[in-house]
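>>> Next one to model:
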Amino acid sequence: MNETIDERLDAEFAREVEENQLQLRGALRATYDFIVCGSGSSGSVVARRLAENSDVSVLLIEAGGSDSATEVQIAAAWPLNLGSARDWAFNALPNPYLNGRSLPMSMGKVLGGGSSINVMLWVRGHKSDWDYFAAEAGDPAWSYESVLGIYREIENWQGAPDPARRGQDGLLYVTPPLDPHPVAAAMLDAASELDIPVFDDLNGAMMEGSGGASYFNLRIRDGKRQSIFRSYTFPLMNQPNLTVLTGTLVTRVIIDRGAAVGVECIRDGRTQRFLASQEVILSLGAIQTPKVLMQSGIGDAKVLTSLGIPVVQDLPGVGANFQDHVMVSSCIWEYPDPLPPHDNGGEATIFARSTSELDSPDIQLLQIQFPVATPELAARYPVQAGSWGIFPALLRPHSVGRLRLTGAKPEDPILIDSQILSDPADLIALRRCVELAREVGNSQALESFVKREVMPHTRSSADIDNFIRDGLTTVWHQSCTAKMGQDDMSVVDGRLKVYGVDRLRIADASVMPRVPLANTMAPSVIIGEQASRAIVRERRL
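Numbering: from 1, shown residues only. I've put the predicted structure just below:
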């Protein structure tokens, strides 16, 4: 097979990047202007935006390794990343509301973080989310209208033009499915059959109203994943002012006289320190960021004192307010004649309200083109390989959990007390969501794709509740554990600066005041953009 000119240029640039980074890692500096901890959907953005100024030196630290694995690059291979070396493989504590089950909490441990192992869905968040963020922060820069301007700037939208909402000249290639799977197309027909409005664009007017159905926006190009790291950071890695350090675990922020002056890390089994002359930015995700904060002396003073950690700043909100989207894995139908999956295996969705009293969606149906079931459900229902499913998902959880630190050492684990389904309102909403999923799956529009309903295949209320408790999984949208706001439980202000600690900012999903009506990748990019823009303004870069 002949190599194209683009492939040759890409290979040459990759070699240039490798040579430059080998040189930079071979001559690590003691001090950089900025240290960005974590290369996920926020950290990659911050690192790029700062490194665009050639006079600024940036160190980007990542605990994981390279993103060059086939399982990362090929879009259809995403399930193979879960539980792999590229996954932090956290587990929540056993949950009495889930029949004692302990849920896996996958998070990316690789260049690109979650954007390198996720399902590549680009969902911006509902208008109500961003206006809520602005109200909590007391800053109109977080409002929907303001954020919409950033989205227009950063997107390279491949769908139907919508100049008021979509951009076409940005860094991020975003596309609707180019050849939608037949069962995905039929799901939208089913929505129409049930009087659910169908929209041309998930991220258009649909995210300003009370719900609807649409194809997903995807971060996939020619069958390959488009991670945030590859779109933002990689193109600048041939520059001398951006050093990307993999296999390096950040364990502590070094704080001197109330200001962050650097970080302590473990690299190649040894402790190493790097100093920052301007700022440290934590982008480690909603589990690791609170852990590092607490082990640096920033958190609930009573808890820190009990663990022998000297208190630097008493912020009881660190590790609190844990939120996540959850889904039931899953309502399944057997195909009469099996069809192979497309793209990421899930191209269509429905956002809905569990009760008409709500003014925005609180439940979601995510179609999956192959069968997925928890071990507990698979033990009760014989699932055929030639099947497809719908995940009933909860978008507005009332249940809120907490992270609990167990010690002062880097190896001391953090406990995830998720409290999922602890609020009875969440189970009520999920019941309605399962009901809606079955209405869609058993509709006339999908009839030709159904040989039989595999599960839950019951009408008993008790059976449905157990189906939910045994089938519930996370959607891997862990967030809100260092929230932005102005109350006593807030950790950062509207500029994402940590209260009471100078030169320390957080840019990741932990700063969300609540989990949005969205997969968290796109909102996390906005968080990275907001953080970097605030830094550039304040530092006059």
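>>> Tell me how many other residues crowd Asn238.
Applying other CB atoms under 10 Å, we find 16 other residues in the vicinity of Asn238. Any C-beta I mention is one placed from the backbone N, CA and C, and that applies to glycine too.
>>> Would you mind confirming that it makes contact with Asn20?
Yes - contact criterion CB atoms under 8 Å: Asn238 and Asn20 qualify, at 5.1 Å.
>>> any idea of the mean pLDDT for the longest helix along the chain?
Secondary structure of the chain per DSSP state H: the longest helix is helix 5-26. Per-region confidence: helix 5-26 scores 90 on mean pLDDT.
>>> what helices or strands is that helix leaning on?
Packing partners of helix 5-26 (3 or more CB pairs under 8 Å, 6 or more residues apart in numbering; DSSP states H and E): strand 242-245.
>>> helix or strand right after the strand it packs on?
strand 248-256 (DSSP states H and E).
>>> What's opposite the nearest residue to Asp502 once chain neighbours are set aside in the beta bridge?
Distances taken as CB to CB, 6 or more residues apart in numbering put Ala259 closest to Asp502, at 4.0 Å, once the chain neighbours are dropped. On the basis of DSSP bridges, Ala259 is bridged to Asp256, Asp502.
>>> My read is that Ala259 contacts Lys497, right?
No - using CB under 8 Å, Ala259 is not in contact with Lys497, being 11.4 Å away.
>>> residues shared between the contacts of those two?
Leu504 (CB atoms under 8 Å, 6 or more residues apart in numbering).
>>> between those two, which one's more packed in?
Neighbours around Ala259 and Lys497, counted as other CB under 10 Å, are more numerous at Lys497. The numbers are 21 against 14.
>>> In contact with the residue nearest to Asp502: list those residues for me.
Counted by CB under 8 Å, 6+ apart, Ala259 has contacts Val501, Asp502, Arg503, Leu504.
>>> Can you get me the start-to-end distance on stretch 223-239?
29 Å (CA to CA, to the nearest Å).
>>> quick one: buried residues of that stretch?
The neighbour-count check on stretch 223-239 (16 or more other CB atoms under 10 Å) flags 225-234, 236-238 as buried.
>>> Equivalent analysis for stretch 342-358, please.
342-354.
>>> Among the buried residues of stretch 223-239, name the ones in helices.
Short answer: the buried residues of stretch 223-239 in helices (DSSP H) are Ile228.
>>> And the buried residues of stretch 223-239, which is closest to Val434?
Sorting those by distance to Val434 puts Arg225 at the head of the list, at 30.7 Å, by CB to CB.
>>> quick one: the helices in the stretch 151-300 of the chain?
Secondary structure of the stretch 151-300 of the chain (DSSP state H, counting those that start in this stretch): helices located at 182-193, 228, 285-295.
>>> Correct me if wrong, but Leu446 is in a helix.
Yes - counting by DSSP: H, G, I helix; E, B strand; the rest coil, Leu446 is found in a helix.
>>> wait, what's in contact with it?
Val183, Ala186, Met187, Asp189, Ala190, Trp333, Val440.
>>> can you pull the pLDDT of the fourth one?
The one in question is Asp189. The model's pLDDT for Asp189 equals 98.
>>> how about low-confidence regions in this protein?
By pLDDT under 70, the low-scoring segments of the chain are 1-3, 5.
>>> let's go with 80 and repeat that
1-8 (pLDDT under 80).
>>> Show me which strand runs longest in it.
Ordering each strand of the chain by length in residues (DSSP state E) puts strand 270-282 first.
>>> got the contact list for it?
Here strand 270-282 has contacts from 28-38, 43, 46, 59, 61, 248, 250-251, 253-254, 260-266, 289, 292-293, 503-508, 531, 535, 539, using CB under 8 Å, 6+ apart.
>>> Next: stretch 47-61.
Outside stretch 47-61, the residues that reach it (CB under 8 Å, 6+ apart) are 29, 32-39, 43-44, 232-233, 235-236, 239, 241-245, 248, 250, 263, 265, 274, 276, 528-529, 532-533, 535-536, 541.
>>> So what are the structural domains in this structure, by residue number?
With automatic domain parsing as the criterion, the domains of the chain are listed as 5-68+227-321+480-539, 71-104+170-225+323-474.
>>> Quick one: end-to-end length of the last one, please.
Length of domain 71-104+170-225+323-474, first residue to last, CA to CA: 21 Å.
>>> just stretch 33-47 next, same as before
End-to-end for stretch 33-47, by CA to CA: 11 Å.
>>> Switch the contacts of Leu446 over to a markdown table; also include neighbour count and distance to Tyr215.
Listed next are the contacts of Leu446 as a markdown table, based on neighbours: other CB atoms under 10 Å; distance: CB to CB, whole Å:
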| residue | neighbour count | distance to Tyr215 |
| --- | --- | --- |
| Val183 | 24 | 12 |
| Ala186 | 23 | 12 |
| Met187 | 28 | 9 |
| Asp189 | 15 | 12 |
| Ala190 | 28 | 14 |
| Trp333 | 24 | 20 |
| Val440 | 26 | 15 |
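>>> Quick check: the farthest pair among those?
Asp189 and Trp333 (15.2 Å).
>>> Contacts only, for Ser192.
Neighbours of Ser192 in contact, by CB under 8 Å, 6+ apart: Val198, Ala213, Ala445.
>>> repeat that with 10 Å
Listed by CB atoms under 10 Å, 6 or more residues apart in numbering, the contact set of Ser192 reads Val198, Ala213, Ser443, Ala445.
>>> of all those, which two lie farthest apart?
Val198 and Ser443, at 13.3 Å, using CB to CB across the contacts of Ser192.
>>> what do those two both touch?
Met187, Asp189, Ala190, Ala191, Ser192.
>>> and which of those is nearest to His477?
Taking CB to CB as the measure, His477 lies nearest Met187 of the shared contacts of Val198 and Ser443, at 21.9 Å.
>>> so who does that closest one touch?
180-181, 198, 213, 215, 347-350, 365, 367, 388, 390, 440-441, 443, 445-446, 449.
>>> try 8 Å this time
So Met187 contacts Ala213, Ala348, Ile350, Gln367, Ile390, Val440, Ala445, Leu446 (CB under 8 Å, 6+ apart).
>>> again, but for Glu347
For Glu347, the contact set (CB under 8 Å, 6+ apart) comprises Pro177, Pro180, His181, Ala184, Tyr215, Phe216, Leu218, Gln367, Gln369.
>>> List just the nearest of the contacts of Leu446 to Leu80.
Closest to Leu80, out of all of the contacts of Leu446 and judged by CB to CB, is Val183, at 22.4 Å.
>>> ok, the closest residue to the closest one other than its chain neighbours to Cys331 distance?
Distances taken as CB to CB, 6+ apart place Phe449 nearest to Val183, at 5.1 Å, with adjacent residues excluded. Using CB to CB, to the nearest Å, Phe449 is found at 13 Å from Cys331.
>>> Show me which of these two is the more surrounded one.
In terms of neighbours (other CB under 10 Å), Cys331 is the more surrounded of Phe449 and Cys331; the figures are 28 against 19.
>>> tell me which residues of stretch 295-311 are tucked away?
By neighbour count on 16+ other CB under 10 Å, the buried set for stretch 295-311 is Gln295, Ser296, Gly297, Ile298, Gly299, Asp300, Ala301, Val303, Leu304, Leu307, Ile309.
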